[in-house]
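1. Pasted the sequence and its predicted model underneath.
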Protein chains: 2
Amino acid sequence: MAARDYGQYSGITRAMELVGERWALLIVRDLLVGPRRYGELAAGLHRIPSNILAARLKELQAAGIIRRAPRSRVILYELTPYGRELEPVVLALGAWGIKAMGDPRDEQVVTADSMTMDLRSAFRPQVALELPPTAYGARLAGADLLIRVRGSTLDVTSGAGRLGRLGPVDLSFPPDPAFPTDLAFPTDLAFPTDLVFSTETGAGIRQLITGELAPDRAISAGVVEVLHGRSELLDRFATTFHVAACPRPVSCCR
Amino acid sequence: MAARDYGQYSGITRAMELVGERWALLIVRDLLVGPRRYGELAAGLHRIPSNILAARLKELQAAGIIRRAPRSRVILYELTPYGRELEPVVLALGAWGIKAMGDPRDEQVVTADSMTMDLRSAFRPQVALELPPTAYGARLAGADLLIRVRGSTLDVTSGAGRLGRLGPVDLSFPPDPAFPTDLAFPTDLAFPTDLVFSTETGAGIRQLITGELAPDRAISAGVVEVLHGRSELLDRFATTFHVAACPRPVSCCR
DNA sequence: CCGGATCCGAATCGATACTG
DNA sequence: CAGTATCGATTCGGATCCGG
């Protein structure tokens, strides 16, 4: 009976024993975007101590949640099938937490992986199903994302800062169910995006998703800047990605 | 920047800051069953230190997740609307964790609240919708539950150990959407249950729910004992409450 | 450099005793 | 019954160090 067991025979208790420790679910979150190297995880979770990251990786491996990717030249960590089944947990946490994010503080950073999972949390497949396929480019507080919605499927890939030079609309998707995850952006190619927008602070994207700020007001207030494409498409974005705002803002917070 | 912040502006990160500390989500789990007193929470989470319970209750209040129930003679804690929105998180954790529960160890206890939430985690509304209304009485490792399924709705109430004397089938439900939660069992009344069964260790209910053990085999092996009603109804139970078994059992575990 | 391992002060947790 | 207070045991955070 290790001290960190809860002494209960219950599913939720067991889950907390396996992934309830500090940083564990954030590691899982980033690995839900794709396999990652030790250094990539450390960079994305920039405040994690190195020894804690090493310890968590070991524990998650022992629990059968992650593994070192086989036949890979470098050391890559990836989720096992059982680890991937944590996706509903992470998405539910994201959808709940978005409402309590408040405004970003100075020391808070935005990473491509965390923003990717936040978008997945807020994605509404049944709403997207009624809308035409759309590709967005988004520069969110420095993290560049290419967001493709078609039918009820969503694909988000990191733009790695190359979203500056963006070409015209040409909407040509790769063949159907095989959205390659995490594909590298072709550096010099024009991206077939319908809409490219940016938000300076990260608060803008939250306000869009929670409905705190209507798209047209966000644009006129300068919170969201449209770099390319018809700005009406921002309505479609806010409809596709949406969680109800927190009834009364969470008071907590230092 | 408190030490326990993660330094990221992200929904999942924010959720972990609010409910990621030890014991917090287990308190939320028990409060999802119904309002509870300090002592009831301490009893249900029997290994929680008293100072930690007090600290968590304060933090969860400050975060707007729980509150002291107003106009109640005794001190009751209950979830706020925002706290109740954690239900998908807790259910997803439960559905995932059930698969990794393994067999119970000696020091592990089963509580009515934890088992209630495990059953909610495994409940399949769309499956239940196709089945006739059914009331089960279950004695699971000492925790007695009255489980009522009608249409896509589930109601679980604690039997508080009084499930011993049980009457015949008479299936008369209270009027529709107002399943009173947590109602006291009438001590001397016969319960209108279609099936009453018991499992000695708690492993039995897990094996039923994950499909590790088919209902008829569970009965013939003595893992599940049918106390009342047609034993074929155990099939219906296992169909109504089901999570896929863990592909390969989690190796972890001391 | 990348992928960790080691060391140590600070914060948190666990067990128990105590109080209004 | 609903918490505080105290104190030793763990864990975490920050920094440095090491082997390939």
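-> Sure, I can see it. Numbering: from 1, shown residues only, chains lettered A, B, ... in the order given.
2. CA atoms for contacts and neighbours, from now on please.
-> Noted.
3. burial measure for residue A:108, as a count.
-> Counted by other Cα atoms under 10 Å in any protein chain shown, the residues lying close to residue A:108 total 15.
4. That one contacts residue B:13, doesn't it?
-> No - using Cα atoms under 8 Å, residue A:108 is not in contact with residue B:13; the gap is 10.7 Å.
5. tell me the pLDDT at residue A:142?
-> pLDDT, residue A:142: 81.
6. right, I mislabeled it, should have said residue A:246
-> 69.
7. Name the nearest residue to residue A:124, sequence neighbours excluded.
-> Leaving aside its sequence neighbours, residue A:124 sits nearest to residue A:240 (Cα to Cα, 6 or more residues apart in numbering or on different chains; 5.7 Å).
8. Same question for residue A:24.
-> residue A:56 (6.2 Å).
9. what does residue A:35 give?
-> residue A:78 (4.5 Å).
10. For that neighbour, pull up the helix or strand it's in.
-> strand A:77-79 (DSSP states H and E).
11. what's the next secondary structure element after that strand?
-> helix A:81-84.
12. next structured bit after that next one?
-> helix A:87-98.
13. Show me the contact partners of whatever helix or strand comes next after that next one.
-> With elements assigned by DSSP H and E, the helix or strand that comes after helix A:87-98 is helix A:112-122. Outside helix A:112-122, the residues that touch it by Cα atoms under 8 Å, 6 or more residues apart in numbering or on different chains are A:29-30, A:32-33, A:44, A:91-92, A:94-95, A:98, A:143-145, A:154, A:156-158, A:209, A:241-243, B:10-12.
14. let's see it at 7 Å
-> The contact list for helix A:112-122 (Cα atoms under 7 Å, 6 or more residues apart in numbering or on different chains) reads A:30, A:33, A:91-92, A:94-95, A:143-144, A:156, A:158, A:241-243, B:10-11.
15. out of those residues, which are inside helices?
-> Members of those lying in helices (criterion: DSSP state H): A:30, A:33, A:91-92, A:94-95, B:11.
16. pLDDT value on residue A:44, please?
-> On the pLDDT scale, residue A:44 gets 97.
17. ok, back up a step: and the residue nearest to residue A:35, what does it touch?
-> The contact partners of residue A:78, by Cα under 7 Å, 6+ apart, come to A:31, A:34-36, A:66-69.
18. quick one: which of the residues you listed is nearest chain B?
-> Here the nearest of the contacts of residue A:78 to chain B, counting by Cα to the nearest Cα, is residue A:66; it sits at 11.2 Å.
19. hang on, that closest one packs against residue A:80?
-> Yes - taking Cα atoms under 7 Å as the definition, residue A:66 is a contact partner of residue A:80 at 5.1 Å.
20. okay, those two: which has more neighbours?
-> When neighbours are counted by other Cα under 10 Å, residue A:66 and residue A:80 differ, and residue A:66 comes out ahead with 24 against 15.
21. what number of residues lie near the closest residue in space to the more buried one that isn't next to it in sequence?
-> Excluding the flanking residues, the one nearest residue A:66 by Cα to Cα, 6+ apart is residue A:79, at 4.2 Å. Residues near residue A:79, counting by other Cα under 10 Å, number 27.
22. now residue A:103
-> When neighbours are counted by other Cα under 10 Å, residue A:103 registers 14.
23. buried sites along the helix or strand harbouring residue A:59?
-> Using DSSP H and E, the element containing residue A:59 is helix A:50-62. Buried residues in helix A:50-62, counting neighbours by 16 or more other Cα atoms under 10 Å in any protein chain shown, are found at A:53, A:56-57, A:59-62.
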